[in-house]
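A.B. asks: structural data only, the sequence is not supplied:
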């Protein structure tokens, strides 16, 4: 918790736990290991656009967001950098 004591701000409480990190780099082997990630990212962007343009439900995007997170974590745990490319 951030508290002010004698005019100075300080942190009190339990230490902040940082998430596990993994080193990663681009993959150069076919088939493209980022294909599923890119497809899910493209789907999410289309769903978000529908929210803004047509008033589609934002809640429809939550499952896609969860899938994107899982796909990204799988790649990073294999030390592969997600490419963040538009899937045709």
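C.D. replies: Received it, and whenever you're ready, just let me know what you need. Here the structure is a predicted model, which means the values were calculated and not measured.
A.B. asks: which parts of the protein are helices?
C.D. replies: For the chain, helices defined by DSSP state H occupy the ranges 35-54, 62-77.
A.B. asks: and the residue most central in space within the chain, what pLDDT?
C.D. replies: For the chain, the residue sitting closest to the mean C-alpha position, by Cα atoms, centre = their mean, is residue 69 at 5.0 Å. pLDDT recorded at residue 69 is 97.
A.B. asks: gap between it and residue 41?
C.D. replies: According to Cβ to Cβ, to the nearest Å, residue 69 stands 11 Å off from residue 41. No exception for glycine: its C-beta is placed from N, CA and C like everyone else's.
A.B. asks: tell me, how many residues neighbour residue 61?
C.D. replies: When neighbours are counted by other Cβ atoms under 10 Å, residue 61 registers 19.
A.B. asks: that one reaches residue 44, doesn't it?
C.D. replies: Yes. Residue 61 is within contact range of residue 44, at 6.2 Å (criterion: Cβ atoms under 8 Å).
A.B. asks: would you mind listing the residues touching both of those two?
C.D. replies: Counting by Cβ atoms under 8 Å, 6 or more residues apart in numbering, residue 61 and residue 44 have no shared contacts at all.
A.B. asks: what residues are up against the residue nearest to the centre of the chain?
C.D. replies: For residue 69, the contact set (Cβ under 8 Å, 6+ apart) is empty.
A.B. asks: now it: how far from residue 28?
C.D. replies: Residue 69 is 24 Å from residue 28, by Cβ to Cβ.
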